[in-house]
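> Predicted model and sequence follow; I will ask about them next.
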Amino acid sequence: MKVRDIVNALNFEVLAGEEGLDREVKGVYTCDLLSWVMSHGKQNNAWITVQVHPNIIAVATLLEFSCVIIPEEIEVEESTLKKANDEKIPVLKSKLNAYEICIELNKLGV
Amino acid sequence: MEELLSVKYDIESGDFIRGGEASSNLKKLLNQLGIRSDIIKRICVACYEAEMNIVIHSVGGYIEAKIYSDHIEIIAYDYGPGIPNIELAMQEGYSTASDIAREMGFGGGMGLPNIKRSSDEFYIKSEVGKYTEIKIIIYFN
């Protein structure tokens, strides 16, 4: 499944990184402690986090995550979105909380 | 062993926006060299943690990567304040990060243990008020 398919199915808002919408999604990871994410996240995961500062894009780039999903409509810093565009990492925003996003992604078969 | 390539990145204290860029640049370089992806991931984890340690804890420093035909050597050097008790700093969960850094998802006390775990060889030395230097070696095979 592609990031684009998830965006369409779950009505997520694409905040940045549109050029990466055709990235393949394999698995989901959710955690806000960046060192933990660095050591446990896997390539092509969709990453759900409440962190919104630009360093999340560095983490997502290094781990080759397919996208970053921001739950509960948290506002994302402009510098984060700029970096996401540069790195072509889609940043998606949802009204749902992290748990609900996991459920919906699971229903989609991610 | 002949050194093929060497790169050096200056790392600024408190720069969370650019923090991680040195690791990203190094990653791109290693991809171009055709290094195995699981090895690159280990190098990225070690380099990112070392880089963010300089951003979070130090007054500034640099990351230098020397690439040889069969391994990479990464030096992460900062100009202080140094680590009073290295044994304690190496313990998982121990952190001296600020509240602000913790709110940003850093300061889990996992940085140094993550670096050690990702490396084939790991050396750390420090002098309070002067410097901290980490040397990491990761083999390509």
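Okay, I see it.
> what residue is smack in the middle of the chain?
Just so you know, I chose chain A. In chain A, the centroid-proximal residue (CA atoms, centre = their mean) is A:Val68; its distance is 1.3 Å.
> you looked at the wrong chain, it should be chain B
Looking at chain B with CA atoms, centre = their mean, the centroid-closest residue comes out as B:Ala50, 2.0 Å off.
> where do the strands sit along chain A?
With strands called from DSSP state E, chain A shows them at A:13-16, A:28-30, A:46-48, A:67-70, A:91-93.
> Need the winner for burial among those strands.
Across those, the average number of neighbours (mean count of other CB atoms under 10 Å in any protein chain shown) peaks for strand A:67-70, which reaches a mean of 26. Placement of C-beta: from N, CA and C, glycine included.
> Touching stretch B:102-117 from outside, list them.
Applying CB atoms under 8 Å, 6 or more residues apart in numbering or on different chains, the set of residues contacting stretch B:102-117 from outside is A:32-39, A:49, A:51, A:53, A:55-56, B:16, B:45-46, B:49-50, B:52-53, B:56, B:89-95, B:97-98, B:101, B:122, B:124, B:134, B:136.
> How about it, which residues are buried there?
B:104-116 (16 or more other CB atoms under 10 Å in any protein chain shown).
> can you check stretch A:102-110 too?
Buried residues in stretch A:102-110, counted by 16+ other CB under 10 Å: A:Cys102, A:Glu104, A:Leu105, A:Val110.
> Can you tell me which of those residues lies closest to A:Ala16?
For the buried residues of stretch A:102-110, the closest approach to A:Ala16 (CB to CB) belongs to A:Leu105, at 19.9 Å.
> Grab the nearest non-local neighbour of the closest one.
A:Val28 (5.2 Å; CB to CB, 6 or more residues apart in numbering or on different chains).
> I'd assumed A:Lys93 was in contact with the residue nearest to the centre of chain A.
No - using CB atoms under 8 Å, A:Val68 makes no contact with A:Lys93, being 9.7 Å away.
> State the distance from B:Met104 to B:Gly60.
Between B:Met104 and B:Gly60 the distance is 19 Å, computed by CB to CB, to the nearest Å.
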